[in-house]
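J.: Attaching a predicted model along with its sequence, questions to come.
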Amino acid sequence: MRELDPEALSVARDTTNFSGPKRHFLIYPIGANYRTLNIVAFIPEARHKDESWTSQGSLEDLARELEGWNPQVRSIVETWKRLQKTTMKQALYEHEPLDKWTDGHLVVMGDAAHAMLPHQGQGTGQAIEDGVTLALCLVGVDAETVQRRLDLYYHLRKERTDRVVNTSREAGRVASAANPEKRTPVDLDAMRRRWQWLWKHDVFKAFEAEKDKYI
């Protein structure tokens, strides 16, 4: 981030989300001493032209998409262009959560069970919660009890992950609203409550509360 001008640097030191019509531009620092800036631009496209869900994007194209935006955003993109010409381009796909996570002794977790949009940063977190929960459910398992334990795993995770999938979709639609200036004022208390249930879930307590019904 040393290459940024002082005005752009002032916003780059914090997590900042700039919104425009049907798109938004998220920046946040990573690493020690603000040395690296992560940039994620959510831009609509009529159709993703590449078969791969990730491909190479053009910073010139991104700059054109952001013409007329906040000068700080423009400065960040122009600085980025001086350092490199391309970036990673990734398509976002929606998929309804699965109603079944097991088939015999085969079990899925993470995105395979509940692929979600990235607008709450929960994809990896939910996969970790799945893994810990499944491990707890399989302690001491044998051939006779394995199906019951897999049922417990599904029971513990299904409602929560469905909620994360749906609220992640909602968060993306709010962030990329067609008319961002007409959005209602941000309710900070509601946002805090939202992040509490996302971040403060205790998989160990959830397991202890329900295990006697299955084990």
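T.: Happy to help now that I have it. Numbering: from 1, shown residues only.
J.: so what pLDDT did residue 1 get?
T.: Residue 1 is assigned 64 on the pLDDT scale.
J.: sorry, that was for residue 80
T.: For residue 80, the pLDDT comes out at 89.
J.: now for the one helix or strand residue 205 maps to, which elements pack on it?
T.: Using DSSP states H and E, residue 205 sits in helix 203-210. If you count contacts as 3 or more C-beta pairs under 8 Å, 6 or more residues apart in numbering; DSSP states H and E, helix 203-210 packs onto helix 123-137, helix 146-175. Every residue, glycine included, has its C-beta placed from N, CA and C.
J.: going on from the longest one, what's the next piece of helix or strand?
T.: Heading C-terminal from helix 146-175, the first helix or strand you meet, by DSSP H and E, is helix 188-199.
J.: got the angle for that following helix vs helix 123-137?
T.: Computed by axes from the mean of the first three to the mean of the last three C-alpha atoms, to 10 degrees, the angle separating helix 188-199 from helix 123-137 equals 40 degrees.
J.: Give me the neighbour count for residue 213.
T.: Close neighbours of residue 213, defined as other C-beta atoms under 10 Å, add up to 10.
J.: ugh, wrong one, residue 7
T.: 11.
J.: Chain neighbours aside, what residue packs nearest to it?
T.: residue 72 (5.9 Å; C-beta to C-beta, 6 or more residues apart in numbering).
J.: how near is the residue of the chain most remote from its centre to residue 134?
T.: Ranked by distance from the centre of the chain (C-alpha atoms, centre = their mean), the top residue is residue 144, with 37.6 Å. Taking C-beta to C-beta, to the nearest Å as the measure, residue 144 falls 18 Å from residue 134.
J.: Give the burial count for residue 124, as a bare number.
T.: Neighbour count of residue 124, defined by other C-beta under 10 Å: 11.
J.: Over to residue 172?
T.: 18.
J.: if I read this right, it contacts residue 42, doesn't it?
T.: Yes - taking contacts as C-beta atoms under 8 Å, residue 172 lies within contact range of residue 42: 7.3 Å.
J.: Pull up the overlap in contacts between the two.
T.: Shared contacts of residue 172 and residue 42 (C-beta atoms under 8 Å, 6 or more residues apart in numbering): residue 92.
J.: if we can go back for a sec, convert the helix holding residue 205 to CSV, retaining C-alpha atoms only.
T.: Provided in CSV are the C-alpha atoms of helix 203-210 (Å, rounded to 0.1, in the frame of the first residue of the first chain):
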residue,chain,number,x,y,z
VAL,A,203,-20.4,-26.2,17.8
PHE,A,204,-19.3,-27.9,21.0
LYS,A,205,-22.3,-26.6,23.0
ALA,A,206,-24.6,-27.4,20.1
PHE,A,207,-23.4,-30.9,20.0
GLU,A,208,-23.7,-31.4,23.8
ALA,A,209,-27.3,-30.1,23.7
GLU,A,210,-28.5,-32.5,21.1
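J.: among the helices and strands packed on helix 203-210, which is nearest residue 19?
T.: helix 146-175 (6.1 Å; C-beta to C-beta).
J.: Now do the buried residues in the closest one.
T.: 146, 149-150, 152-154, 156-158, 160-162, 164-165, 167-168, 171-172, 175 (16 or more other C-beta atoms under 10 Å).
J.: Switch the helices and strands packed on helix 203-210 over to CSV; also include distance to residue 188.
T.: Shown next, in CSV, are the helices and strands packed on helix 203-210 (distance: least, C-beta to C-beta, whole Å):
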stretch, distance to residue 188
helix 123-137, 22
helix 146-175, 14
